[in-house]
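Asks: Got a predicted structure here, sequence first:
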Amino acid sequence: MTLPAPEPADIERLAAYLRTLGASEDEIAAARDSGGLGPLALEVVLRAGSEPVGLAESAARLGATPDDVARFWRALGFADPASRRFPVRFVEAQTVISQAATEWLGEETALGIARVIGASAARLAEAIVDAYRMAFEVPELTAGTNYSDVVEGYIGITRDTLPALETFVNEVFEAHLVRVAGSAWMPGEDSATTSRDLAIGFVDLVGYTALARTLDARDLAGLLSRFEDTVGDVLSRNGSRPVKTIGDGVMFAADSAQDGCAAALALAGVFADSEGLPPVRVGLACGPVLSLYGDYFGEVVNLAARLVALANPGTVFVSEAVAVAVSEHQFERLPAQALKGFGTPPAVYRLLPA
């Protein structure tokens, strides 16, 4: 689908609107050449009069070297730091990480946290912008609304809703901070990492590759959205939580093998009974995992990933540790099978429906 291009008169109207927002003539000229007048309007209104500064001045304000600031900006996910300009308040907000790097955490850990913040913020931004475009911008433009009016519309929406959204995101973060601080943990063997005793699972859509070839983009997006929504809902109802989405699958975690089993069985059952969604397969293992920057690593994670690949559609395959730890469910021991990365074939069990 091709959207109608703005008329020259509409471009001039948008340029005039940008001047009222405070954009400079150089910024308007550069944005006009690149076709980025709309994004410039968003940038100007968000910086709220805070003058943008480049790498050298940012480094001077932070008392750091340009190389150090560039490394940090790359960790946040911004390419080509030498040509980047950010509002002064963005630069000043970095002092907390600079202090953490020098006084509390060390540079490597601070950069790791910056990568998590950058990746999480980028994903949230993409989700919001894409949703806005499909729900507002595309319908307006296809109905014949001028692009300048569309831009003024989303600037108004941003001004009205962004403060509340920022408050909401901060409140969610603080609630999760309390949750994580109260969860069980232990120092790793090297006393430099964190270890948690968790049940780790993977749930994958069956036949996704074939579906991706046959469905159009709208239907495929709808399928993936329903999949993620359903997985998230089932996990939250069964004492588990998503860790990350990996293509057509979701990695999840539970604080106990019992909760992991409940979530795994519920996932298999819900997708088996759902119209319009293919079945899933689930793999589950439990034990100590390395917790690093919001993700989990180690043999337990690797085993769960191998088990989901081994599982049949609509079934849950679990490790021996899960079968031993959980007495509320029944398990069927399966014939030994070689798993990539494991020298001796580990014992594998099928978790039987209740």
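Replies: The structure has been received and is ready for your questions.
Asks: only C-alpha atoms for contact and neighbour calcs from this point on.
Replies: Fine.
Asks: Mind listing what's buried along stretch 239-256?
Replies: 239-243, 249-256 (16 or more other Cα atoms under 10 Å).
Asks: mean confidence for the helix ranked longest in the chain?
Replies: Across the chain, the longest stretch assigned as helix under DSSP state H is helix 147-181. Taken as a whole, helix 147-181 carries a mean pLDDT of 91.
Asks: Looking at the buried residues of stretch 239-256, which are in strands?
Replies: 240-243, 249-254 (DSSP state E).
Asks: from these, which two are the most distant?
Replies: Spatially, the most separated pair among those is 249 and 254, at 16.6 Å (Cα to Cα).
Asks: all strands for the stretch 251-354 of the chain, in order.
Replies: 280-292, 295-297, 316-319, 331-333, 348-351 (DSSP state E, counting those that start in this stretch).
Asks: Could you dump the ones you listed into TSV with mean neighbour count added?
Replies: Formatted as TSV, the strands of the stretch 251-354 of the chain follow (neighbours: other Cα atoms under 10 Å):
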stretch	mean neighbour count
strand 280-292	25
strand 295-297	15
strand 316-319	28
strand 331-333	16
strand 348-351	24
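Asks: which neighbours does whatever helix or strand residue 197 lives in have in its sheet, and in what orientation?
Replies: Element membership for residue 197, per DSSP states H and E: strand 194-205. Strand 194-205 pairs in its sheet with strand 186-187 (antiparallel), strand 249-254 (antiparallel), strand 280-292 (antiparallel), by DSSP bridges.
Asks: Adding mean pLDDT and distance to residue 94, write those strands out as JSON lines.
Replies: Listed next are the strands paired with strand 194-205 as JSON lines, based on pLDDT from 0 to 100; distance: least, Cα to Cα, whole Å:
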{"stretch": "strand 186-187", "mean pLDDT": "74", "distance to residue 94": "28"}
{"stretch": "strand 249-254", "mean pLDDT": "96", "distance to residue 94": "31"}
{"stretch": "strand 280-292", "mean pLDDT": "95", "distance to residue 94": "22"}
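Asks: could I get the ones you listed as JSON lines with distance to residue 139?
Replies: As requested, the strands paired with strand 194-205 are exported to JSON lines (distance: least, Cα to Cα, whole Å):
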{"stretch": "strand 186-187", "distance to residue 139": "52"}
{"stretch": "strand 249-254", "distance to residue 139": "31"}
{"stretch": "strand 280-292", "distance to residue 139": "35"}
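Asks: Tell me which residues touch residue 2, please.
Replies: Counting by Cα atoms under 8 Å, 6 or more residues apart in numbering, residue 2 touches no other residue.
Asks: how far away is it from residue 144?
Replies: In this view, residue 2 and residue 144 are 13 Å apart by Cα to Cα, to the nearest Å.
Asks: could you give the mean pLDDT of the helix or strand containing residue 213?
Replies: Assigned by DSSP H and E, residue 213 falls within helix 208-214. Averaged across helix 208-214, pLDDT comes to 82.
Asks: got the contact list for it?
Replies: 220, 248.
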